[in-house]
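Visitor: Let me see the structure of the following:
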Amino acid sequence: MEHMLMRTTYLEAGLLHRERVEPAPCGERIGPRGASPDAEYRARRRHGFTLIELLVVVSIIALLIAILLPSLSKAMASARQVVCASNERQMGMAVMTYGLDHKQYFPAGVNRSNGDWIWPPTLRRELAGAMDVFYCPAADPKTRWVRKLGSGLAPDVYGWQQDEYHLGSGRGSWFSYGYNVWGYPFYPGNALGTGTYHNVGGSDGYQTMSSVVAPATFIVLGDSNWDLNTLGDVNWSAYIGGYAPRQYPGAVHVERVNTLRGDGHAETERQDELITAAFNDQVNRQWNRDNRPHW
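Guide: Next comes the predicted model:
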């Protein structure tokens, strides 16, 4: 009897000291040793990625960048082109507003007496002092028009302000947009564009908007050739024309150019559709108020 009692006590003690096995969470499988495979997987993950896994991830990221980068670059170029066209349309509105207040004349381009570029301050005044529209985002930052003071000059009738340095030929001035003052071809006394000088009579002076035969095709202004690597004009980057490389409109939008036409709309074209090197009458006409080719 005593022996049986002791055996029962030992059995009870064994049960009390038996290792307790927790039930597996719902959905997990129980392994042969009582451990869940999902739990073992989580335990292994605590040690991080292996080198092979990291190399695979890096390779995938590099591949995605290579695929997406050209598309991203094109999207950014398109965005800059859209902003540029918007700038030109705003300048076109300023030209029209000036004409309404000045008997339908275009703003003149140059002050012949001192070489000042006068169309930029004239349009700035019509735009209530805004200057961002005079910078194409696809152009070199050196072409951004930044107002600088300290010249000691008085304000003038063209829009230059008190103590402001004037842009002009031979002064290291750069501009991202050019005004079509000369038309094609260019020679003194026969400016066929918007008009060259403010204080000169005849075809070199102020010209009327009513003299434009085909406003929808007549070039008023556009991207300029400020790039010396493409024979840009160091003295006259604020002016464009189809007669010489130094005055060709600049192809800054992936080989294309934005131009403002006489009816106020902006167009995007290849540069070779705007220059007269090919002796194309249709190309030539768009530079001239009379819509006629001149050779």
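Visitor: residue ranges with poor pLDDT in the chain?
Guide: Scanning the chain with the threshold set as pLDDT under 70 gives 1-48, 71, 187-189, 277-279.
Visitor: Do you have the strands of it handy? List them.
Guide: 177-179, 219-223, 256-261, 266-270 (DSSP state E).
Visitor: highest average neighbour count across those?
Guide: Highest mean neighbour count of these: strand 177-179, a mean of 30 (counted as mean count of other C-beta atoms under 10 Å). Quick note: C-beta positions are derived from backbone N, CA and C, even for glycine.
Visitor: circling back to that earlier point, would you list the strands of the chain in a markdown table and tack on distance to residue 204?
Guide: Converted to a markdown table, these look like this (distance: least, C-beta to C-beta, whole Å):
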| stretch | distance to residue 204 |
| --- | --- |
| strand 177-179 | 14 |
| strand 219-223 | 18 |
| strand 256-261 | 22 |
| strand 266-270 | 27 |
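Visitor: Quick one: closest of the ones you listed to residue 202.
Guide: strand 177-179 (18.9 Å; C-beta to C-beta).
Visitor: just checking, what packs against the closest one?
Guide: helix 51-101, strand 219-223 (3 or more C-beta pairs under 8 Å, 6 or more residues apart in numbering; DSSP states H and E).
Visitor: Recalculate using a threshold of 10 Å.
Guide: helix 51-101, helix 119-126, strand 219-223, strand 256-261 (3 or more C-beta pairs under 10 Å, 6 or more residues apart in numbering; DSSP states H and E).
Visitor: Now do the contacts for the most centrally placed residue in the chain.
Guide: In the chain, the residue lying closest to the centroid (C-alpha atoms, centre = their mean) is residue 80, at 2.3 Å. By C-beta atoms under 10 Å, 6 or more residues apart in numbering, the contact list for residue 80 reads 136-139, 252-254, 258.
Visitor: Quick check, residue 121 in contact with residue 168.
Guide: No: taking C-beta atoms under 10 Å as the definition, residue 121 is not a contact partner of residue 168, at 11.1 Å.
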